[in-house]
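> below is the sequence, then the predicted model.
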Amino acid sequence: MHPDLNARAAHSAAIRERAAAEMKAIGVDEAFISKLVNTFYGRVLAHPELGPVFDARLAGRWPQHMEKMKAFWSSVAFRSGAYGGKPVQAHLGVANMTPDLFPQWLSLFADTLDDIAPSEEAKAWFMATAERIARSLTLSLFYNPALDDPALRRS
């Protein structure tokens, strides 16, 4: 193997090892990730505003979505690279998705963490990560740079 590839592989392995140690220290393992995804999306489906939006997009494909979300959160938490999807593209064109659904999504996620997080540190880590994801998706899906034009703000 080329020396640069060896160094890159060693660096990636070190990142994964550090992430695994950090997650273990706050009580997070694959079983928690699975419980988080199952609990949260069960609540999403029951939510009066989020449920219909998600179910319309995922009808008949919930099991696949759940596995994808478990891979996503595992990849984020453990830096495993297990998720190779494109979240922004996956959310483009979702019927009835609006920016005001993201705070509701975050609130439901926070409630779920309140109920099942193994530690305050895990709750804080997952919540901060979810907030970054929501902010990124909101900007990617709904941001209009023309609205930041000073000439438009004065009118």
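It's in. Numbers count the residues shown, from 1 in each chain.
> any regions of the chain where pLDDT drops low?
For the chain, the stretches with pLDDT under 70 are 1-3, 95, 146-155.
> for it, what spans make up the helices?
3-25, 30-46, 50-58, 62-78, 87-91, 101-116, 120-142, 150-154 (DSSP state H).
> including mean neighbour count, could those go into a markdown table?
Where you see a C-beta, it was placed from the backbone N, CA and C, and this is true even at glycine. Below are these laid out as a markdown table (neighbours: other C-beta atoms under 10 Å):
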| stretch | mean neighbour count |
| --- | --- |
| helix 3-25 | 12 |
| helix 30-46 | 17 |
| helix 50-58 | 16 |
| helix 62-78 | 17 |
| helix 87-91 | 12 |
| helix 101-116 | 16 |
| helix 120-142 | 15 |
| helix 150-154 | 7 |
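> show me the contacts for Thr112.
Going by C-beta atoms under 8 Å, 6 or more residues apart in numbering, Thr112 touches 36, 39-40, 43.
> what about Val28, how many neighbours?
When neighbours are counted by other C-beta atoms under 10 Å, Val28 registers 25.
> correct me, but it touches Ala77?
Yes - in this structure, Val28 is within contact of Ala77 by C-beta atoms under 8 Å, at 5.9 Å.
> overlap of the contact sets of the two?
Trp125.
> could the contacts of Thr112 be laid out in CSV, adding distance to Glu121?
Below are the contacts of Thr112 laid out as CSV (distance: C-beta to C-beta, whole Å):
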residue, distance to Glu121
Leu36, 15
Thr39, 19
Phe40, 19
Arg43, 22
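> looking at these, spot the one nearest Ala122.
Of all those, Ala122 sits closest to Leu36, with 9.3 Å by C-beta to C-beta.
> who touches that closest one in this structure?
By C-beta under 8 Å, 6+ apart, the contact set of Leu36 is 73, 112-113, 116, 126.
> closest to Arg16 among these?
Arg16 lies nearest to Trp73 out of the contacts of Leu36, by C-beta to C-beta, at 15.1 Å.
> any idea how far Ala128 is from the closest one?
14 Å (C-beta to C-beta, to the nearest Å).
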